[in-house]
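Engineer: Mind looking at a prediction? Sequence and model below.
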Amino acid sequence: MSAAWTARSIIVLAGLVVLWYLTKALWSIVLPTLFALLLASVLWPVNRFLRRGLPKVLAALVTLLGFIGIVVGIGALTIPAIASGVTDLSGLARDNIADLAAFVAGPPLNLDTPNLDSIVDTALSQVQANVGNIVSGITTGLGELTSGTVVVLLALVFTFFCLKDGDRFMPWAARWTNSTAFGHASMIASGTWRALSSYIFAQATVALVDAVFIGLGLVLLDIPLAIPLAVLVFFSAFIPVVGAIVSGLVATLVAFLAYGWVSALAVLGLVVLVQQLESNFIQPLLVGRTLEIHPAVVLASVTAGGTLFGIIGAFLAVPTTAVAIVVLRYLRDQSIENRPATGVASGDPDAVPPAPSTASGEGPAATASDDEPSAPAGPVGHRSEQSGG
């Protein structure tokens, strides 16, 4: 048994090494494919609803164009707000930074800051003088991101085909594989799709709740850059743990620069309150035990992804970890199910490992056999559909 497991471990490690090098070599294709799968998992419920009255092609097109319109609308609201907010903030920040310099120079710190005032004046003057360049740079960057990069264009094209033909992928694969291989592939694809859908839906809902309530609080407190900060809160929520900390610190810093310590503490309290409410009530309600990943594993995966692939790696770290857990759980269940019943031969019934429970809905036996794999809730695994197109 140990020799067999050693051989399997070597094969798995070799496969992971090969997969790693292939991923690096084909990153320009892998990255838009991953983004397309994540985006399709978010848009699939809308696409499925539109299919009731529209052909597949039109439903997919309307869904994708609607998403693009929302993103463009957010950009149209955010960029002018950044332009006006930076100007207002630079005017308000001077006095508060001077107060901070006086506090640092006084007891109990008594730090020597002879050049701090001149540094602050120079920095604020540069910001005020270059507001137009900053906004122009942001606009140019967003324009290149949405219309000029190969990754975004490929991701949108792949998303369209996932929405249009996602229910045909598994039947196509079934024609090229035997029933046993297809059964395993279908079960893994089904579990992966459910994991991705659950994660993205939960994170999008949590991000929206955070952005709405924190943004509303910033508006009520009259904090500059309230709308851009709310947008930052929304997108940073897709990077678990780290994103919430970074967006909260940025909002607190802006509040301090604008109105001083009192406003900064108020914003910090607002951020902590909203994030505690969503992490203790909203997120467990949405995710439940579907993606039960320990926070230490989340933090480690985000750190590793960010180190290897930057902010994109940090964003994709948790979904990738969730998919890996789905695959490992399925392989574990298959190993237990196929393990020889050595306890019966030896006369020890306690040595027989328990079979996966079919009543609780866990394990592959609860959903499908190797010859009759069931279809998942998303587009992956659907054999046919009644809607036209």
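Structural biologist: That came through, no problem.
Engineer: Can you classify I293 by secondary structure?
Structural biologist: Secondary structure for I293, judged by DSSP: H, G, I helix; E, B strand; the rest coil, is coil.
Engineer: Is it in contact with I325, as I believe?
Structural biologist: Yes. Proximity of I293 to I325 meets the contact threshold set by CB atoms under 8 Å, at 7.0 Å. C-betas here are computed from N, CA, C, even on glycine.
Engineer: State the mean pLDDT of stretch 78-95.
Structural biologist: If you average the pLDDT over stretch 78-95, you get 76.
Engineer: So which bits of that stretch are buried?
Structural biologist: 78, 81-83, 85-86, 89-90, 92-93 (16 or more other CB atoms under 10 Å).
Engineer: I'd like to know which of these are part of helices.
Structural biologist: If you go by DSSP state H, the buried residues of stretch 78-95 have 78, 81-83, 85-86, 89-90, 92-93 in helices.
Engineer: can you give me the helices in the stretch 51-200 of the chain?
Structural biologist: 56-105, 116-129, 131-147, 150-165, 169-174, 179-220 (DSSP state H, counting those that start in this stretch).
Engineer: Confidence-wise, which of those is weakest overall?
Structural biologist: Here these differ in mean pLDDT, and the lowest is helix 131-147 at a mean of 53.
Engineer: dump the residue contacts of the closest residue to G215 other than its chain neighbours.
Structural biologist: Counting by CB to CB, 6 or more residues apart in numbering, G215 lies nearest to A230, which is 2.9 Å off, once chain neighbours are set aside. Residues in contact with A230 (CB atoms under 8 Å, 6 or more residues apart in numbering) are 211-212, 214-215, 218.
Engineer: I'd like to know which of the residues you listed are buried.
Structural biologist: Neighbour-count burial (16+ other CB under 10 Å) applied to these gives 211, 214-215, 218.
Engineer: If we go by neighbour counts, what in stretch 269-286 is buried?
Structural biologist: Neighbour-count burial for stretch 269-286, with 16+ other CB under 10 Å as criterion, is recorded at 270-271, 274-275, 278, 283, 286.
Engineer: Span of it from start to end?
Structural biologist: Using CA to CA, to the nearest Å, the gap from the first to the last residue of stretch 269-286 comes to 25 Å.
Engineer: who touches that stretch?
Structural biologist: Residues outside stretch 269-286 that contact it (CB under 8 Å, 6+ apart): 198, 201-202, 205-206, 209-210, 213-214, 217-218, 221, 244, 247-248, 251-252.
Engineer: again, 6 Å this time
Structural biologist: If you take CB atoms under 6 Å, 6 or more residues apart in numbering as the criterion, stretch 269-286 is touched by 202, 205-206, 209-210, 213-214, 217, 244, 248.
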